[in-house]
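Participant: what shape does this take:
(one chain, ligands or ions: 1)
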Amino acid sequence: MAADPSPKPLSADVPVLRWEEPPEGPVLVLLDQTRLPAQEVELVCTDVHTLVDAIRSLTVRGAPLLGLAGAYGVALAAARGFDVGEAAELLAHARPTAVNLARGVRRASKAHTAALRAGKSLEAAAAAALAVARELHREDAEASRSMARSGLELLERLVPGGGYRILTHCNTGVLVSGGEGTAFAVALAAHRAGQLRRLWVDETRPLLQGARLTGYEAARHEMPYTVLADNAAGSLFAAGMVDAVLIGADRIAADGSTANKVGSYPLAVLAKHHEVPFVVVAPMTTVDLDTPEGASIEVERRAAHEVTEFPPSGGGGFPLAPLGAQAYNPAFDVTPPELITAIVTENGVLSPIEAEGLASLCDRSRSG
Ligand code: MRU
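Facilitator: Got it, this is the predicted structure:
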C-alpha cells in the first residue's frame, strides 16, 4: 500500500508493543515503526519467525524495546508450543549490537527453564516467562522516569540558565522503551519544565529514525523541533546553536565506550571541538561489563540497498547510486569514553567516564 503523503493527525496512543490473549492464542502486537510517521499500522506476531523478521526489518527497534521484544518473544514461543531453546537462539541473534536483546531473551528463558526444572507444567513455565517479560517492561518504564529526572538535573548543572538547545540523533523515546525512553525522555522533561528552546533532530541516514520517528514523537508532544540532514550538524555547532548533545546507546562496554546509531561518533568529535557536553542516556540493561572495550562491540552491518535506494526497500526503490554500487552500511558506531561528558542511568550519573565508576553503578543493580 502506498504511504499516505499527508501527515494525518497523530493518534492519542498506539501502544508500541503489547501482549494480547485472543481466543485463537496469545500474540505480540507491534506498532510497525517502518511505516511511521505516515501510517500507524500494527503487526500481529503469532510466531517467533514473524517476530525475528520484525526485529531484523526494524519494525520493532531501539535497544530497550528490543530487550522487551526478546523476553516477550520467549513467552510467545512457550505459550504457542514452539521449541523455546530454538526460539531463544533465533531471537537473541536477530541483531547483534544492542545487548538488551540477548539479555531480555536470557532472562525470560531462565525463568522458563527454572519453572520446568521445578516440575511445573508447560503452561506454568510459559506464564513464568511472560511474568518476566512484564517485569522487564515495568522496570524499563521506571528506569525511563528516573533517567529523565537525573538527566534534567544534569542539564541544569551543565548548561546554566536553561532554555536548552539540544541536538539528538536517531530515536530514543517512547518508540524504544517501556516508558518515555532515554535521551528523548530527558528532552521531554526539559520541554515540560518550559526549558526546551529547540530540539535539533538529526535525520539519521539511511533509515531516518530521527526525521521519521523522533519527529513523530516531538510533534505528538508539541515540542519545538527542527529536523536537519546529518551533515548539517557541524554548521550548527559552528554557529553556537547547540547547548548539549543527548543520545541513547545500544551497548556500553566496561570502559564506557558507547555503541549507538551510526553518526553518533562524529557528533561526539564535534561536541568536543566546540566544548559542548555530549551526554549518553541509557538504562543499566545496556551496560555490558562482559564487553571490555569499544573494539570488542560487534557492529551490525546492514544491506547495501538501505544506502543505495530510496525508500530503502530491498528492490524497487528509486536508485540513489548506479545499479550494483557497493555500500558501506554499519548500523552503529562507537564513541570512546574520553569524548563522553556523562552517562545517565537509572542507577546514577557517571562523569567522568571510568571503568571503576561504571562497575560500581552495575553493583547497585545487583544489590538493589
Ligand atoms: O537501528 P535502531 O533503530 O534499532 O537503532 C537504535 C539506536 O541506535 C538508538 O539510539 C539506541 O537503541 C538507543 S535507544 C535507547
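Participant: give me the neighbour count for residue 295.
Facilitator: Other residues lying near residue 295 total 11 when counted by other Cβ atoms under 10 Å. For the C-beta atoms, the positions are set from N, CA and C on the backbone; glycine is no exception.
Participant: where do the strands of the stretch 201-350 of the chain begin and end?
Facilitator: Secondary structure of the stretch 201-350 of the chain by DSSP state E, counting those that start in this stretch: the strands cover 225-228, 244-247, 251-253, 258-261, 278-281, 287-288, 309-310, 318-319, 332-335, 342-345, 348-350.
Participant: typed the wrong thing, it's the stretch 1-150 of the chain
Facilitator: For the stretch 1-150 of the chain, the strands defined by DSSP E, counting those that start in this stretch occupy 17-20, 27-31, 42-45.
Participant: same list (the ones you listed) but as a markdown table, adding distance to the ligand and mean pLDDT.
Facilitator: Shown next, in a markdown table, are the strands of the stretch 1-150 of the chain (distance: least, Cβ to the nearest ligand atom, whole Å; pLDDT from 0 to 100):
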| stretch | distance to the ligand | mean pLDDT |
| --- | --- | --- |
| strand 17-20 | 14 | 97 |
| strand 27-31 | 13 | 97 |
| strand 42-45 | 16 | 96 |
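Participant: pick the most buried one from the strands of the stretch 201-350 of the chain.
Facilitator: Of all the strands of the stretch 201-350 of the chain, strand 258-261 has the most neighbours on average by mean count of other Cβ atoms under 10 Å, namely a mean of 29.
Participant: ok, it near the ligand or not?
Facilitator: Yes: if you take Cβ under 6 Å from any ligand atom as the test, strand 258-261 does meet the ligand, through 260, 261.
Participant: now do that strand: distance to the chain's middle.
Facilitator: Here strand 258-261 is found 10 Å from its chain centre; the criterion is Cα atoms, centre = their mean, to the nearest Å.
Participant: and it, which strands flank it?
Facilitator: Sheet pairing of strand 258-261 (DSSP bridges) gives strand 251-253 (antiparallel), strand 332-335 (antiparallel).
Participant: let's see it as CSV, backbone CA atoms only.
Facilitator: What follows is strand 258-261, C-alpha atoms only, in CSV (Å, rounded to 0.1, in the frame of the first residue of the first chain):
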residue,chain,number,x,y,z
THR,A,258,29.4,3.5,23.7
ALA,A,259,27.9,2.0,20.6
ASN,A,260,24.9,3.9,19.2
LYS,A,261,23.4,4.7,15.8
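Participant: which residues touch it?
Facilitator: The contact list for strand 258-261, computed with Cβ atoms under 8 Å, 6 or more residues apart in numbering, reads 97, 169-170, 204, 209, 247-253, 264, 280, 282, 294, 297, 299, 331-335, 337, 340, 343.
Participant: out of these, who's near the ligand?
Facilitator: 170, 209, 248, 249, 250, 331.
Participant: buried residues, stretch 16-26. List them.
Facilitator: Under the neighbour-count criterion of 16 or more other Cβ atoms under 10 Å, stretch 16-26 has 16, 17, 19, 26 buried.
Participant: just the closest of these to residue 220, please.
Facilitator: Within the buried residues of stretch 16-26, proximity to residue 220 (Cβ to Cβ) peaks at residue 16, which comes in at 12.4 Å.
Participant: is it true that the closest one touches residue 62?
Facilitator: No: taking contacts as Cβ atoms under 8 Å, residue 16 lies outside contact range of residue 62: 9.1 Å.
Participant: find the nearest non-adjacent residue to the spatially most central residue of the chain, please.
Facilitator: For the chain, residue 62 is the residue whose C-alpha lies nearest the centre (Cα atoms, centre = their mean; 2.4 Å). Distances taken as Cβ to Cβ, 6 or more residues apart in numbering place residue 176 nearest to residue 62, at 2.4 Å, with adjacent residues excluded.
Participant: again, but for residue 198
Facilitator: Using Cβ to Cβ, 6+ apart and skipping residues adjacent in sequence, the residue nearest residue 198 is residue 165, 4.5 Å away.
Participant: residues from this protein in reach of the ligand?
Facilitator: 58, 61-64, 98, 170, 172, 176, 182, 209, 248-250, 260-261, 331.
Participant: quick check: buried residues in stretch 91-101?
Facilitator: Buried, per 16+ other Cβ under 10 Å, within stretch 91-101: 91, 92, 94, 95, 96, 97, 98, 99, 100, 101.
Participant: starting at the chain centroid, how far to stretch 163-175?
Facilitator: Per Cα atoms, centre = their mean, the displacement of stretch 163-175 from the mean C-alpha position of its chain is 12 Å.
Participant: same thing with stretch 90-100?
Facilitator: Taking the mean of its C-alpha atoms, stretch 90-100 sits 13 Å from the chain's own mean (Cα atoms, centre = their mean).
Participant: same deal with stretch 121-139?
Facilitator: On the basis of Cα atoms, centre = their mean, stretch 121-139 sits 22 Å off its chain's mean C-alpha point.
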